[in-house]
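In: generate a structure from the sequence data that follows.
(2 chains)
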Amino acid sequence: MEGSADRAGLYDMEKFKEIFAAVKKKCADGFSKVKAFLKKMWKEISALFEIIAILIKKAASAVKKFFIKVKKEIKALFEIIGMGLSFIGRKISALCSIISRLCKRACDFILPLYHKYKEYILPALIILTGALYILASLIIFFGGGEKPYSRESVGAQLIWLSVPSAITVIATVVTGIKSLLEERREAMVKLDTTERAYRLVKRLTLGASFSEEAKEKFEYERKIRRDIILISLGATAVVSLISAILILNPNKYTIENLNGDIVSSVFIALPAVVVGFGSAIFAKQVCLASLSRETAVIKEEMKTMGERPKAEPKPHFTETAYYRVITVAVRASVTALALVFIVLGIMNGGMADVINKAVKICTECIGLG
Amino acid sequence: MKNTEEKKTSLWRRIMPSKRRWIQLYTALLFNAYLKGYITGEIFKGVTKNVCTPGLNCYSCPGAVTSCPLGALQNAFASSGKTTPYYMLGIILLYCIIFGRMICGWVCPFGLVQDLLHKIKTPKLKKGPVTRILSYFKYVVLVLFVVVFPLLYVIRDLPLPAFCKYICPAGTFGGALGLLINPLNESVFGMLGPLFTWKFVLMVSFLVAAVFIYRVFCRFVCPLGALYGLFNRFAFFGIKLDRSACTDCGKCVSKCKMDIREVGDHECIQCGECIDVCPTQAISWRGKKIILPDNEINQAEGELQVCDEGANFIVRVDSKTLVTKKRSDRVKNIITFARYAMATVLFVALVYFNFFHQNTAEAALPTDPDTEIVDEELSKIPYGYEVGERCPTMSLELVLEDGNVNISDLRGKTVVINFWGTWCGPCKAELPHFNELATEYKDDVVFLIVHTHDDRETAPAYINTNFAGSEMVFAYDKPLDDSTDMYFNLLGGTYFYPRTLVLDERGVITHTVDSAISYDALKAEIEKALNN
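Out: Modelled structure (predicted):
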């Protein structure tokens, strides 16, 4: 029955439309309710956000007020600190100006002294350092420390010398560099004209042309010089002879007191040395004074020398043939003697002795004792 | 008339060493070419130590490869009782007549040290009549310390190089300090005493004085310079003065810092600094023609003779014609060759001495092992030469009798071993103390006195004369090589004499010393060993 099927289908469609309309109406109702709910929620949320915004605004205002207050407080604090520092700064500045004035006064005092004596600073340092080394060695020896010495014990007692040594070395290097960089003008030593003039005159043998009065004066001065030299030699000879007799006594020297015997011999020789050199220095001074007087006479004589005849100059002894012969003879004989001695020395074992003493060292012989 | 001259000196000229300075530096390095010695702390023992340097260079300096003439001369005088000192007298005479005091100015290392110290910018003490007179003091030093004292002690049969022992600052500076600064030479500190203190004070005084006084040691003290100076006028090389050209202006004497009265006298060190100063060129080098030929231009009176490749041209010119002196090519070649030769010699010396030379052979332990080990504890102690180690044993030839003495046979008693030589003064000086103690401790202690292999022929006579009937046992050491003794080397000896070791009854070393030991100190060590 096809018609019933069509009427069944149509009936279903209208049913469906009714149902659909009902559902649509219900959905619309539901949607409108939801929409109303959402609107209401939105209003609530908006109100909440407004409240939050107001709160934030109030909080920001409060924080701003707080920071302004803190800023004021800090500013006040810094102002106080600044005042304090300013006060301290003024005081320090005053102190610095006092120190600066003192330094200036010290420099005004020291610098002239430095410029006046600066060339003596390095010598003083060198002498002082040398004296300190000597003092240190004497302290180590006489200090009664542990013996025998060790590297550690000696090093510990010498460590304090490193500072003055370093200062002296630095000062020496600086002075050396400074002098190298400075443009220097060499000045020669002033010549001593007295003896030179005398020898020149003597060499030119102008003596024959001198006046009789001058010759008498020369003779007198020569006598003085001869006598003083003889006295000096005589005194030296006498004292030396006595010392030599005392020193050259073999029985005086023992093995047990070797150093003591040598020291006593040196003290015995000391008077001869003192008398000898002292008298020689004294005689030299007398001779120089005599030469000065003689040279003055020569200079006066030489003013009128042109009017008188001159003697023939004599050649110096070293320019004579006799001297040349002596020189050749001495050279030849000494050379021959030396070569003969060397050969004899090699033959009698003297050469081997040299190396033996050089490789087997007796410690005291090199000062280790 | 002005007596001063001024001239500017350039920076380069101030810095650059002069020819003389270069030669001084060269010789200082050549004579001390054993640079390895400064590192190892030992002295050179090679055959070149038969040769004496012309200048003052102590043979105990770690770098020295030659001997000092003054030390060798004094030792030769000290040994003149048995050997006439021909060799050293011949060497000294040869140096004197060939070079004179030119050695002081050009070669001596200690002279170089003083020159360098004098360059320090300080006020200087000027020379004068007084310093001239004081310069003769070195002849007093020469007579007393180099000749008289060593010869006087020959009568006592005691070698005494008095100048080296009591005065020489070069020995302290180069030798003693050179050894002390090396950390390996710890034992050297134990040798220091009053003598070293005196010499150290003297050395410092000389070095400080050298800053202010030019060559203070050379001028007033050095006996070697005194000897050389006597031959200055006759030496083949040196300075000479042409008196026909000399005007006695005195500039040479003023320029010279030594106490000369005229150029070339006994105080002149032939440095040549006066040559440039002489306005008439009256000063020149003597002996130049021996090494360098003429410039082949000879000027006679009014005549100029020019030689050119074998053809002689005689050209007569006016005597007032100026002649420009130029070095010929032959002269230049000779100088160049000499420079290269010197450089080669130095290079070969440095290389050979430091890299190829074996200084000391090492002695091996004896082949006969010690089988008399008493206990296990003793066997754990190693052989050696330090305190606490077991002393190696050896069989040594007796001096006064036939036969040998074996160290191992001496076990059970305390033993004192002493190494000595008749050439060594301190060794002889301490033997009487050993003899006294040997008599005092004859039941408990054996004194074994070992003489060096060298000079062994002198030992019997000395012992018979001085220690006849002594309780001490005298023996000879054996040679290890030409310069070292075997047992001495085995027991830690290097080159210092005397050396003494004390062993206890087990043969363990309780004390060692590398110098003379006093009676009280040795007695204390013996007591310690007996109680050990």
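In: nearest spatial neighbour of the closest residue to chain B within the stretch 251-369 of chain A, skipping sequence neighbours?
Out: In the stretch 251-369 of chain A, no residue comes nearer to chain B than residue A:345, which is 2.3 Å away by C-beta to the nearest C-beta. For glycine as for every other residue, the C-beta is placed from the backbone atoms N, C-alpha and C. Closest residue in space to residue A:345, ignoring its immediate chain neighbours: residue B:87 at 2.3 Å, by C-beta to C-beta, 6 or more residues apart in numbering or on different chains.
In: how many neighbours does the residue nearest to residue B:106 when sequence neighbours are not counted have?
Out: Leaving aside its sequence neighbours, residue B:106 sits nearest to residue B:23 (C-beta to C-beta, 6+ apart; 5.4 Å). By other C-beta atoms under 10 Å in any protein chain shown, the residues close to residue B:23 number 16.
In: test my guess that the residue nearest to residue A:345 contacts residue A:351.
Out: Yes: counting by C-beta atoms under 8 Å, residue B:87 touches residue A:351, with 5.0 Å between them.
In: rounded mean pLDDT for the longest helix belonging to chain B, please.
Out: Criterion DSSP state H: the longest helix present in chain B is helix B:329-351. Average pLDDT, helix B:329-351: 89.
In: what residues sit buried inside it?
Out: B:331, B:349-350 (16 or more other C-beta atoms under 10 Å in any protein chain shown).
In: can you lay out the residues you listed as a markdown table showing distance to residue A:181?
Out: A markdown table is the format used below for the buried residues of helix B:329-351 (distance: C-beta to C-beta, whole Å):
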| residue | distance to residue A:181 |
| --- | --- |
| B:331 | 37 |
| B:349 | 37 |
| B:350 | 34 |
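In: what is the nearest of those to chain A?
Out: residue B:349 (17.0 Å).
In: the closest residue to the closest one other than its chain neighbours: how many residues sit nearby?
Out: Counting by C-beta to C-beta, 6+ apart, residue B:33 is the residue found nearest to residue B:349 once chain neighbours are left out, at 4.3 Å. Per other C-beta under 10 Å, the neighbour tally for residue B:33 reads 26.
In: and for residue B:50?
Out: Residue B:50: 18 surrounding residues under other C-beta under 10 Å.
In: that one contacts residue B:67, correct?
Out: Yes: at 7.4 Å, residue B:50 counts as touching residue B:67 under the criterion of C-beta under 8 Å.
In: spit out the residues that contact those two alike.
Out: Common neighbours of residue B:50 and residue B:67, using C-beta atoms under 8 Å, 6 or more residues apart in numbering or on different chains, are A:354-355.
In: any residue of the helix or strand where residue A:27 lies touching chain B?
Out: Assigned by DSSP states H and E, residue A:27 falls within helix A:2-117. No: figure legend: helix A:2-117 not in contact with chain B (C-beta under 8 Å from any C-beta of the partner chain); closest approach 11.0 Å.
In: sorry, back to before: wait, which of the buried residues of helix B:329-351 is closest to residue A:166?
Out: Distances from residue A:166 to the buried residues of helix B:329-351, taken as C-beta to C-beta, are shortest for residue B:350 (31.5 Å).
In: do a quick rundown of the helices in the stretch 51-200 of chain B.
Out: B:69-78, B:86-99, B:102-106, B:109-118, B:129-134, B:137-141, B:149-155, B:162-166, B:169-170, B:177-180, B:194-212 (DSSP state H, counting those that start in this stretch).
In: cool, the stretch 351-500 of chain B as well?
Out: Using DSSP H, counting those that start in this stretch, helices in the stretch 351-500 of chain B cover B:376-379, B:425-440, B:459-466, B:486-490.
In: residue in chain B nearest to chain A?
Out: Residue nearest to chain A within chain B (C-beta to the nearest C-beta): residue B:87, separated by 2.3 Å.
In: distance of that residue relative to residue B:65?
Out: 19 Å (C-beta to C-beta, to the nearest Å).
In: on that earlier part again, please, which helix or strand holds the residue nearest to residue B:349?
Out: With DSSP H and E as the test, residue B:33 turns up in no helix or strand.
In: quick one: contacts for it?
Out: When the contact criterion is C-beta under 8 Å, 6+ apart, the partners of residue B:33 are B:63, B:65, B:346, B:349-350, B:353-354.
In: which element is the residue of the stretch 251-369 of chain A closest to chain B on?
Out: Assessed by DSSP H and E, residue A:345 sits inside helix A:321-347.
In: between that helix and helix B:86-99, how many degrees?
Out: Angle, helix A:321-347 to helix B:86-99, by axes from the mean of the first three to the mean of the last three C-alpha atoms, to 10 degrees: 150 degrees.
In: quick one: average pLDDT of helix A:321-347?
Out: Helix A:321-347 comes out with an average pLDDT of 93.
In: sorry, back to before: can you list the helices of the stretch 351-500 of chain B in TSV and add distance to residue A:59?
Out: Formatted as TSV, the helices of the stretch 351-500 of chain B follow (distance: least, C-beta to C-beta, whole Å):
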stretch	distance to residue A:59
helix B:376-379	92
helix B:425-440	103
helix B:459-466	115
helix B:486-490	99
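In: just name the most buried of those helices.
Out: Most buried of the helices of the stretch 351-500 of chain B, by mean neighbour count (mean count of other C-beta atoms under 10 Å in any protein chain shown): helix B:486-490, with a mean of 22.
In: burial count for residue A:216?
Out: By other C-beta under 10 Å, 12 other residues sit near residue A:216.
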